[in-house]
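Sequence plus the predicted model coming up.
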Amino acid sequence: MAATTRTPTLLLTLLLLTVGGASTSLDTFVYGGCSRLKFSPGSPYESTLNSLLTLLVNSASFTLYNNFTSAAVPVLYGLYQCRGDLSAAACRTCVAGAIARLAALCPPDAAGGAVQLDGCYVRYDNVSFLGVQDKTVVLKKCGASSVGYDSGASARKDTVLDYVVAGGGKAYRVGGSGGGVYAVAQCVQDLSVGQCQDCMTAAVGVLKSDCGAAAAWGDAFLGKCYARFSEGGAHSRHGGYDDNNDVEIEKTLAILIGLIAGVALLIVFLSFLRQLCQKGKGITSLIFSSKPLKLIKEVRHDGGPRIEYWLD
């Protein structure tokens, strides 16, 4: 097993793909990295890694963040984190997609790997990174300048970014202004509150210094946190809901409409049934035919004739 070095192994090989300023989905690839260290196929490390990746996906069904350290030797460390506004179901889907992306991105014998999707982050390595601050700028991108520089928009952007930084110690923070400027920031939850604040401050500082006052959007991904802003664009959808929530709302509305329609039909049917009961006593059963014109047969116990009703 070659993966025994105690020096940082990730981001030595880094592949980047920016998300740009367009609206993104949870599985949109942001960046990924693979360790140059290799392990031997069929080794205990491979078995431990497979178990760890399965554990990450299963855990994502219940919580938006978790980290694990293997008990076996060699020791393996791993974590995942989903965007703070996702449901557990969406988180699991995203983490599973991130692991599949790692499998395509990294060699099958890579000792470590990390991938950031729009909705989640997954990392594993043979060197512990848990609780370790990392403010390395992994990716920064700035959108084109807005048409016609607006000093007011620049001030609103700074205000929103400052609000996100002062997020009260939360790991996931969103902010917006009435002028259509939105921001979102998140740090990996293995950091302490102080480390998280320090990382977010650095990420927002990158956006302010590198993107300038006129940029329409900006992304700054550091090793353990990120900050993003946009003027009414892609990141505005990060402010508390996602496409999965939209689908759930539509399903709920469809169910409610169906229930209301069903109750209305039941009331009409019961009203009609009451009228039939008032016309003839001693009814024991109503038999409906499946023909377009419904034949109702009224069976009487008093020996009287069978009465048939045709409904137009």
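That came in fine, so what should we check first? Only a predicted model underlies this, so the values are computations on that prediction, with no experimental measurement involved.

Just confirm Arg83 contacts Ala98, I think it does.
No: Arg83 lies out of contact with Ala98 (C-beta atoms under 8 Å); the separation is 11.9 Å. The C-beta positions use only the backbone N, C-alpha and C, and glycine is treated the same way.

Compare these two (neighbour count), which wins?
Counted by other C-beta atoms under 10 Å, Arg83 and Ala98 do not tie: Ala98 has more neighbours, with 31 against 21.

and Ala103, which of the three is it?
Three-state call for Ala103 (DSSP: H, G, I helix; E, B strand; the rest coil): helix.

ok, now Val206?
helix.

pLDDT score assigned to it?
The per-residue pLDDT reported for Val206 equals 95.

separation between it and Phe29?
Relative to Phe29, Val206 is positioned 21 Å away (C-beta to C-beta, to the nearest Å).

Check Gly131 too.
Distance from Gly131 to Phe29, by C-beta to C-beta: 27 Å.

Which of these two has more residues huddled nearby?
The neighbour comparison of Gly131 against Phe29 (other C-beta under 10 Å) goes to Phe29, with 19 against 12.

overlap in contacts of Arg83 and Ala98?
Shared contacts of Arg83 and Ala98 (C-beta atoms under 8 Å, 6 or more residues apart in numbering): Cys120.

Show me the shaky parts of the stretch 51-200 of the chain.
The stretch 51-200 of the chain contains residues with pLDDT under 70 at 146-151, 153, 178.

in it, which spans are strands?
Shown for the stretch 51-200 of the chain, the strands assigned by DSSP state E, counting those that start in this stretch span residues 65-69, 77-82, 113-117, 120-125, 137-142, 172-176, 181-187.

Including distance to Leu53, could those go into a markdown table?
Listed next are those as a markdown table, based on distance: least, C-beta to C-beta, whole Å:
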| stretch | distance to Leu53 |
| --- | --- |
| strand 65-69 | 10 |
| strand 77-82 | 7 |
| strand 113-117 | 10 |
| strand 120-125 | 7 |
| strand 137-142 | 22 |
| strand 172-176 | 24 |
| strand 181-187 | 22 |
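
Now mean neighbour count and distance to Ala202 too, for those strands, in TSV please.
Listed next are those as TSV, based on neighbours: other C-beta atoms under 10 Å; distance: least, C-beta to C-beta, whole Å:
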stretch	mean neighbour count	distance to Ala202
strand 65-69	17	21
strand 77-82	24	18
strand 113-117	25	17
strand 120-125	26	17
strand 137-142	18	8
strand 172-176	21	14
strand 181-187	27	10
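
Out of those, the one nearest Ser25 is which?
Proximity to Ser25, assessed across the strands of the stretch 51-200 of the chain by C-beta to C-beta, is greatest for strand 113-117 (9.0 Å).

So in that sheet, which strands flank the closest one, and in what orientation?
With DSSP bridges as the test, strand 113-117 is paired with strand 29-34 (antiparallel), strand 120-125 (antiparallel).

can you redo those strands as JSON lines with distance to Val137?
As requested, the strands paired with strand 113-117 are arranged in JSON lines below (distance: least, C-beta to C-beta, whole Å):
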{"stretch": "strand 29-34", "distance to Val137": "11"}
{"stretch": "strand 120-125", "distance to Val137": "16"}
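
between those, which gets nearest to Arg228?
For Arg228, the closest of the strands paired with strand 113-117 is strand 29-34, at 10.1 Å, according to C-beta to C-beta.

Return the alpha-carbon coordinates of the closest one using CSV.
What follows is strand 29-34, C-alpha atoms only, in CSV (Å, rounded to 0.1, in the frame of the first residue of the first chain):
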residue,chain,number,x,y,z
PHE,A,29,-19.6,20.3,-11.2
VAL,A,30,-17.6,23.1,-9.7
TYR,A,31,-14.2,21.6,-9.1
GLY,A,32,-12.5,18.3,-8.2
GLY,A,33,-9.1,17.1,-7.1
CYS,A,34,-7.3,13.7,-6.8
